[in-house]
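Participant: task: produce atomic coordinates for the following.
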Amino acid sequence: MFATVHSATLLGVDGHAVTVEVHVSKGLPGFTVVGSPDTVCREARDRVRAALLSSGLEWPLRRITVNLAPSGLRKGGSGLDLAIAIAVLVASEKVPGLPINDLAFVGELGLDGSVRAVPGTLSMIDAVTQPAVVVGHAAAKEAELVGRHTVRSVATLGELVAALWGDEPWPERPPADAAGETAEPADLADVRGQPVARQAIEVAAAGGHHLLLYGPPGGGKTMLATRLVGLLPELDRAEALEATRIHSAAGAPLPPGGLVRRPPLRAPHHGASKVAVIGGGSSWMAPGEISLAHGGVLFLDEMAEFPVDVLEALRTPLEEGVVRVARANFRVSYPARFLLVGAMNPCPCGAARGPGHCRCTPTSLARYGRRLSGPLLDRFDLRVNISPPEPRDLLGGEPGESTAAVRERVERARHRAWQRQRCVNGQLTSRALNQLAPLHADCHELLEGHLASGRLSARGLRRIRCVALTIADLLGVEPPLRPDLLALAMQLRNEPAFLYERMAV
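Facilitator: The predicted structure follows:
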């Protein structure tokens with residue numbers, strides 16, 4: 001006896017359709033899973049058997065062979081449990097085969113017969129072509145985000161079997177929890193003083209420019225960085241679906257509405273491993289922090305304390321917006337287009353008592369200075385020295401502009417950029433800049449000296465032009481780019497000379 005049931009599996013953040021084929025024949029009782037299953041997938045044998053028995057269904061004491069087609073595709077996770085159980089029941093004639101032809105099944109089975117949600121439900125539902133899908137109640141809202149399928153949800157395997165026989169109607173979905181919306185980001189009005197830094201995070205948000213904040217402890221680097229994400233506009237539907245796919249594949253909690261609308265903020269600890277930040281793994285491939293920050297902000301506090309190999313691995317994703325992880329048997333790609341914000345002290349001790357009071361040894365200074373390589377530092381469009389705020393600003397100064405007021409300017413600038421080139425300014429190539437934002441004739445003299453001295457690279461020149469274009473969009477100024485705009489962009493790209501000085505110690 002033979003049965004075929006449709007399902008899907010997850011590889012990276014992409015779903016792939018899978019056909020579960022089950023053959024029940026005479027012979028010694030046994031259960032074999034073939035078709036490139038991983039360890040978790042092989043363990044479906046025990047979960048499916050216990051779930052059937054707990055649901056009052058009979059387990060066939062025969063030889064059962066399960067093939068997961070296509071066989072060359074790696075299958076992982078527990079999302080095939082439900083499809084395997086239904087295929088076993090159909091092959092042993094415990095469930096009619098006709099109703100399942102237009103259904104796909106995605107879900108994990110508990111030993112008590114409960115149907116549970118699995119990571120990556122959104123991507124797996126998107127991969128199946130059947131008009132209707134069956135998932136657990138907890139995954140129903142996520143499954144509906146695709147918008148192409150009729151979503152049936154059940155709580156237990158017994159409910160599903162009764163619905164397939166027609167003995168009971170499809171179960172009603174329980175009411176959603178009355179969970180509140182995600183809390184609003186912290187307000188920029190809380191930042192006192194720091195006019196240059198406030199301008200820098202506004203430019204970073206408007207143009208998608210990577211930002212490095214450096215200075216002694218207590219200057220407000222972390223406060224500024226965590227408020228930048230509040231300046232970003234909500235993700236459009238395509239971006240929100242992609243961000244939701246990544247969070248779902250990583251098993252991260254989704255917002256109450258199911259769709260990640262607000263740009264995410266990820267702030268990994270400096271002790272995080274390379275796999276945790278970049279993504280990957282051995283037996284189970286999972287997105288890293290840079291992918292979870294897709295469409296939002298990746299904040300690296302104490303950036304110089306991160307391992308050097310972790311920081312250097314950021315260089316390619318910063319340029320391409322994607323990270324490719326290769327293993328011996330398979331390769332996956334994760335979206336990773338994020339806004340990088342780094343914060344660091346001028347030295348390990350922070351030089352908190354001002355210049356000339358550093359307590360670090362020459363060896364520790366040299367090691368600290370080598371943490372950020374020149375190529376990585378060159379990818380920061382904005383580099384701002386954060387000094388401690390003035391006492392009068394802390395004790396009685398007027399609050400600065402609120403996040404809402406600054407966000408309006410950011411949205412207008414982004415709209416201008418979108419109307420002009422369909423992307424943020426930070427993603428423009430040199431050819432596009434020459435066409436859309438040529439330099440004024442008076443700018444060449446300003447730039448020639450920096451290029452000739454080596455203080456500015458070809459990549460740095462492109463990024464300065466991108467920043468100048470963002471400043472022009474914030475001011476409502478049309479190209480060509482004037483010298484004053486380039487000069488301001490160069491001022492916001494301060495060279496953290498202390499790093500290079502201590503490299504030579």
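
Participant: touching, residue 401 and residue 189? I think so.
Facilitator: Yes: contact criterion Cβ atoms under 8 Å: residue 401 and residue 189 qualify, at 6.7 Å. Yep, even glycine has a C-beta here, placed from its N, CA and C like the rest.

Participant: where exactly do the helices run in the stretch 51-200 of the chain?
Facilitator: Using DSSP state H, counting those that start in this stretch, the helices of the stretch 51-200 of the chain run over 81-91, 121-127, 140-144, 157-165, 195-207.

Participant: and for the fourth one, what are the contacting residues?
Facilitator: To tie it back to what came earlier, the one meant is helix 157-165. Applying Cβ atoms under 8 Å, 6 or more residues apart in numbering, the external contacts of helix 157-165 come out as 51-52, 55-57, 82, 85-86, 89, 94-96, 99-100, 109, 113-115, 134, 152, 154, 168-171.

Participant: distance from that helix to the middle of the chain?
Facilitator: Its chain's average C-alpha position is 37 Å from that of helix 157-165, according to Cα atoms, centre = their mean, to the nearest Å.

Participant: now it: average pLDDT?
Facilitator: The average pLDDT within helix 157-165 is 93.

Participant: what of the longest one?
Facilitator: Per-residue pLDDT over helix 195-207 has a mean of 94.

Participant: ok, now the second one?
Facilitator: Confidence over helix 121-127 (mean pLDDT, whole number) is 96.

Participant: list the helices and strands that helix packs on?
Facilitator: strand 2-11, strand 14-25, strand 132-136, helix 140-144, helix 237-249 (3 or more Cβ pairs under 8 Å, 6 or more residues apart in numbering; DSSP states H and E).

Participant: so what secondary structure elements neighbour the longest one?
Facilitator: Translated: helix 237-249. Packing partners of helix 237-249 (3+ Cβ pairs under 8 Å, 6+ apart): helix 121-127, strand 286-287, helix 289-292, strand 331-335.

Participant: run through who's touching that helix.
Facilitator: 10, 12-13, 119-123, 126, 142, 145, 234-235, 253-254, 258-261, 264, 286-287, 291-292, 294-296, 334-335.

Participant: these, buried ones only, as a PyMOL selection?
Facilitator: Restricted to buried positions by 16 or more other Cβ atoms under 10 Å, the PyMOL selection for those reads:
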select buried, resi 10+12+13+119+120+121+122+123+126+142+145+235+254+258+259+260+261+264+286+287+291+292+294+295+296+334+335
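
Participant: from what I can see residue 437 touches residue 471, true?
Facilitator: No: between residue 437 and residue 471 there is no contact under Cβ under 8 Å: 11.2 Å.

Participant: how's the protein carved up into domains?
Facilitator: 2-165, 188-503 (automatic domain parsing).

Participant: what about the shortest one, how long is it end to end?
Facilitator: Translated: domain 2-165. 19 Å (Cα to Cα, to the nearest Å).

Participant: starting at the chain centroid, how far to it?
Facilitator: Distance, centroid of domain 2-165 to centroid of chain: 28 Å (Cα atoms, centre = their mean).

Participant: what is the neighbour count of the nearest residue to residue 58 once chain neighbours are set aside?
Facilitator: Among residues not flanking residue 58 along the chain, residue 94 sits closest, at 6.5 Å (Cβ to Cβ, 6 or more residues apart in numbering). Neighbour count for residue 94, taken as other Cβ atoms under 10 Å: 17.

Participant: quick check: pLDDT value at residue 94.
Facilitator: 86.

Participant: list the contacts for it?
Facilitator: 57-58, 161.

Participant: tell me which element residue 368 is part of?
Facilitator: helix 362-369 (DSSP states H and E).

Participant: quick check: buried residues in that helix?
Facilitator: 364-365, 367-369.

Participant: for the stretch 351-500 of the chain, which segments count as strands?
Facilitator: 382-385 (DSSP state E, counting those that start in this stretch).

Participant: least confident secondary structure element in the chain?
Facilitator: The helix or strand of the chain with the poorest confidence is helix 497-503; it has a mean of 55 (mean pLDDT, DSSP states H and E).

Participant: surely residue 23 is in contact with residue 1?
Facilitator: Yes: using Cβ under 8 Å, residue 23 is in contact with residue 1, at 7.4 Å.

Participant: tell me which of those two has more neighbours.
Facilitator: Each of residue 23 and residue 1 has its neighbours counted (other Cβ under 10 Å); residue 23 has more, 16 against 12.

Participant: show me what contacts the more buried one?
Facilitator: 1-2, 64-65, 67, 91.

Participant: burial of residue 453, as a residue count?
Facilitator: 8.

Participant: for the residue positioned nearest the centre of the chain, give me its contacts.
Facilitator: When Cα atoms, centre = their mean is applied to the chain, the residue found nearest the centroid is residue 292 (2.2 Å). Counting by Cβ under 8 Å, 6+ apart, residue 292 touches 246-247, 250, 252, 264, 266.

Participant: mind checking how far it is from residue 424?
Facilitator: 20 Å (Cβ to Cβ, to the nearest Å).

Participant: before we move on, the earlier item: who has more neighbours out of residue 437 and residue 471?
Facilitator: Ranked by neighbour count (other Cβ under 10 Å), residue 437 and residue 471 place residue 471 first, with 25 against 22.

Participant: excluding sequence neighbours, find me the nearest residue to the more buried one.
Facilitator: Residue 471's closest residue in space is residue 485 (Cβ to Cβ, 6+ apart), at 5.3 Å.

Participant: and the nearest residue to residue 349 once chain neighbours are set aside, what pLDDT?
Facilitator: Leaving aside its sequence neighbours, residue 349 sits nearest to residue 359 (Cβ to Cβ, 6+ apart; 4.7 Å). pLDDT for residue 359: 79.

Participant: same thing with residue 351?
Facilitator: 67.

Participant: contacting residues for residue 341?
Facilitator: 204, 210-213, 225, 228, 297-300.

Participant: repeat that for 10 Å
Facilitator: 201, 204, 210-213, 221-222, 224-226, 228-229, 265, 267, 297-301, 303, 380, 382 (Cβ atoms under 10 Å, 6 or more residues apart in numbering).

Participant: need phi/psi at it.
Facilitator: Note on residue 341: its backbone torsions stand at phi -120, psi 120 [degrees, to the nearest 10].

Participant: specify the beta-bridge partners of it.
Facilitator: Under DSSP bridges, the beta-bridge partners of residue 341 are residue 211, residue 299.

Participant: read off the pLDDT value for it.
Facilitator: Reading off the confidence values, residue 341 has pLDDT 97.

Participant: that'll do, ta.
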